[in-house]
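Undergrad: Coordinates for the following, if possible.
(2 chains)
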Protein chains: 2
Amino acid sequence: MRKVGIVGIGQVPVAEHWDRSLRDLSTDAVISALHDAGDPIPGALYAGNMLAGELTGQENVATLIADASGLLPIEAIKIEAACAAGGAAIRAAYLAVASGAHDCVVAVGVEKMTDHFNDAVSSALATAADADYEAAHGVSFVALNALLMRRYMHDHGITREDFAPFSVNAHRNAACNPHAMFMNEISVDDYMASPVIADPISILDSAAICDGAAALILCALDNGKAFPQPPVRLAASSCATDTLGLSERQDPLRWQAVADSAGAAYKQAGIGPTDIDAFELHDAFTIVSALTLEACGFAEPGEGVRMATNDAIRREGSVPIATMGGLKGRGHPIGASGVYQAVEAVHQLRGTAGEAQIRGARTVMTQSVGGSGSVAVTHIFQT
Amino acid sequence: MRKVGIVGIGQVPVAEHWDRSLRDLSTDAVISALHDAGDPIPGALYAGNMLAGELTGQENVATLIADASGLLPIEAIKIEAACAAGGAAIRAAYLAVASGAHDCVVAVGVEKMTDHFNDAVSSALATAADADYEAAHGVSFVALNALLMRRYMHDHGITREDFAPFSVNAHRNAACNPHAMFMNEISVDDYMASPVIADPISILDSAAICDGAAALILCALDNGKAFPQPPVRLAASSCATDTLGLSERQDPLRWQAVADSAGAAYKQAGIGPTDIDAFELHDAFTIVSALTLEACGFAEPGEGVRMATNDAIRREGSVPIATMGGLKGRGHPIGASGVYQAVEAVHQLRGTAGEAQIRGARTVMTQSVGGSGSVAVTHIFQT
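TA: Residues are numbered from 1 along each chain as shown, chains lettered A, B, ... in the order given. As a prediction, the model looks like this:
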């Protein structure tokens, strides 16, 4: 397999973009990423998107973006793996370059959610769960995660307040990121006072509904080509799955797909958890952060939440997470989130993360999770 | 890039499967393809599907199939390129093996359309068009193709009856295919008497709404591994795009994405149109067959329909198409069609196509088209 690097990044601010379409947002991200890479002519475009069919009445999204970005007759394919669509699009782009099929490709993630009432968005998001055995019974995605959080609290003697530092950390880091949706810091008191939406999950446990688009330019690094920005090497890429339905698992608190995907990525990069300088994990809910830290080898079962309470997850800690706000602070435009994570990883490795910079960052891991941990895509980026 | 071959095929009959779910259909196809390949353990599964989000309330389809087929914790990703989703899933699978990321993978296509009223299906299909500039005005997919057919008839002095042999040929070939939806032969009189649904397109110009699933097992051919069935080599794989909206094209009768995709495939395989022994083209409408034959170098502009009237497209002709019924006769379960085409190509090259067999077939081309020719995926299979 050829060596693959990220040579360009682009993003629009995550926000409620009521005046901008899916076409506008994605095109802005793609064109700015191409510009960052010195305006190469890519051979393919892989678009991570989950909800445009349900919410915008638009499938064939990759063709739309290729067309609107002036990239015809480029290969263009949409990639979907529920909320892991962004990470999966990066993986498709990686394989296209690693295989030798293309020397340079675009990975873009886009989602447009705020043109709709929340119940329509909740229904659309529930399509990531099992339609026959979960969604048919009316369970929403927040509700599935609330079941996990309650079980975790019960099994490990954890209180709601113990989860607060995940949210506080995300908002603190988002405050340094001009592309973040929530640039406001919050306190533990704010967290405790925030309205519960599916007990025990509150507003401040959850990533908000939002719009956004981010893009990467991936190129082969073994053909002697020079780039305007120092390439960041994509050292590992992997994907793994678990049961679609939460009820089918022997232990719902053991996120096996996340563990398998991270394990394969560590193996490919020849490193372990202690080598990770920053970890952009899929903090759609605070409980996901705790379970992910455990599944990826940073904490024992039941100890993931302790990494938040003992500040290990902060910018200065042993495993900084959500370094530019994460899904909670920067925002979680579903199919775009995995690509935002990668854009932020590149900023950290270029040393251009501003006040959010992790000093001496050499290795950053990103992870997109779809469904209730049913599919996970992990990437490791290195200088 | 590593050499890649098809070592297993599986399919369910295309039909109105009112008693079988998307899960049932896809799992049957995957398990029978794995069995045909000697039950290898694949490393990834790529699922071509377009409409499950809109019609079944189910995204995350690839994880569902991996789970239901007993393949966890395999990598699983859904691939969508409108009606070209099946071809695009094969391409994703091809790149995964060609890159060296996996030695053996599954490409599966599935669509479940008949649980819904036709207007819901028509709306869902219209998401392949431009939501802002086409579908918003109420134009359906049949209507877009009717505009093309009318323009073609006007520009080239063609009558409706000239298109009849496309449909007659498809039904004649489908009659030999036990997996086809329509195993009944039809006459030119039947075609002429069939009800018009969007003038000048009649029922017998169009592929019907249906359910189906098909699967392939792709393996690396360069590691000395033996297979129960003689592998069929995937000699070329390509994808190209054109404008999403039909109105944006200089010449709507020139299908540029189809031409570009076929051109790239010919180049990769080192062959030309005259080397093709059978061509499974995207005959969702008879006009698509005519435009495709022209774009792929088999006929001059305006002459594509003559290949039907002079019998060149029949089993004994110079370019047999829809050899096992095509989209019209076998049926067009949207995201599965591209995979059905490949299954049929393998049957032709194994010599197991029964009465539909093309004698001495050595090279078969398949092509999936999404939108109104906005994205095309072409594959060339060889013994």
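
Undergrad: And the strands in the stretch 51-200 of chain A, which stretches?
TA: Secondary structure of the stretch 51-200 of chain A (DSSP state E, counting those that start in this stretch): strands at A:75-80, A:104-112, A:196-198.

Undergrad: In the stretch 151-300 of chain A, what residue lies closest to chain B?
TA: Distance from chain B to each residue of the stretch 151-300 of chain A (CB to the nearest CB) is smallest for A:C239, at 3.9 Å. From N, CA and C alone the C-beta is placed, and that goes for glycine too.

Undergrad: nearest spatial neighbour of that residue, skipping sequence neighbours?
TA: Spatially, and ignoring its direct neighbours in sequence, A:C239 is nearest to B:E75 (3.9 Å; CB to CB, 6 or more residues apart in numbering or on different chains).

Undergrad: quick one, what contacts the one you found?
TA: The contact partners of B:E75, by CB atoms under 8 Å, 6 or more residues apart in numbering or on different chains, come to A:238-241, B:43-45, B:96, B:102.

Undergrad: what does A:I287 give?
TA: Contacts of A:I287 were listed using CB under 8 Å, 6+ apart, and they are A:145, A:148-149, A:152, A:163, A:201, A:205.

Undergrad: Compare the residues you listed and tell me which is most surrounded.
TA: Within those, A:D205 tops the neighbour count with 29 neighbours, counted by other CB atoms under 10 Å in any protein chain shown.

Undergrad: Which residue, neighbours along the chain excluded, lies closest to that one?
TA: Leaving out its chain neighbours, the residue that sits closest to A:D205 by CB to CB, 6+ apart is A:T286, at 4.5 Å.

Undergrad: for the lowest-mean-pLDDT helix or strand in chain A, packing partners?
TA: Sorted by mean pLDDT, DSSP states H and E, the helices and strands of chain A end with helix A:118-125, the least confident at a mean of 93. Helices and strands in packing contact with helix A:118-125 are listed as helix A:141-156; criterion 3 or more CB pairs under 8 Å, 6 or more residues apart in numbering or on different chains; DSSP states H and E.

Undergrad: which residues sit against the helix it packs on?
TA: Residues beyond helix A:141-156 that count as contacts (CB under 8 Å, 6+ apart) turn out to be A:122, A:125-126, A:128-129, A:134, A:158-160, A:163, A:197-201, A:205-206, A:246, A:252-253, A:284-288, A:290-291, A:301-302, A:305, A:372.

Undergrad: ok, A:L71 to A:V7 distance?
TA: When CB to CB, to the nearest Å is the yardstick, A:L71 and A:V7 sit 16 Å from each other.

Undergrad: what about the two, which has more around it?
TA: Between A:L71 and A:V7, counted using other CB under 10 Å, A:V7 has the larger neighbour count: 26 against 22.

Undergrad: so what's A:R249 up against?
TA: The contact partners of A:R249, by CB under 8 Å, 6+ apart, come to A:242-243, A:256.

Undergrad: one more time with 7 Å
TA: Contacts were defined as CB atoms under 7 Å, 6 or more residues apart in numbering or on different chains; by that measure A:R249 touches A:242-243.

Undergrad: now A:V369
TA: Listed by CB under 7 Å, 6+ apart, the contact partners of A:V369 are A:83-84, A:258, A:282, A:288, A:376.

Undergrad: Near the residue of the stretch 151-300 of chain A closest to chain B, how many residues? Count them for me, please.
TA: Around A:C239 there are 31 other residues, counting by other CB under 10 Å.

Undergrad: For it, identify the helix or strand it belongs to.
TA: According to DSSP states H and E, A:C239 maps onto strand A:232-241.

Undergrad: Show me what the helix or strand that that strand is followed by is packed against.
TA: With elements assigned by DSSP H and E, the helix or strand that comes after strand A:232-241 is helix A:256-269. In terms of contacts (3 or more CB pairs under 7 Å, 6 or more residues apart in numbering or on different chains; DSSP states H and E), helix A:256-269 is packed against strand A:232-241, helix A:286-295, strand A:363-370, strand A:375-382.

Undergrad: The residue of the stretch 151-300 of chain A closest to chain B touches A:R91, doesn't it?
TA: Yes. Counting by CB atoms under 7 Å, A:C239 sits close enough to A:R91 to count as a contact (5.8 Å).

Undergrad: partners of A:S238 in the sheet?
TA: Listed by DSSP bridges, the beta-bridge partners for A:S238 are A:T378.

Undergrad: before we move on, the earlier item: what is the burial count for the residue nearest to A:D205?
TA: Using other CB under 10 Å, A:T286 has 28 neighbouring residues.
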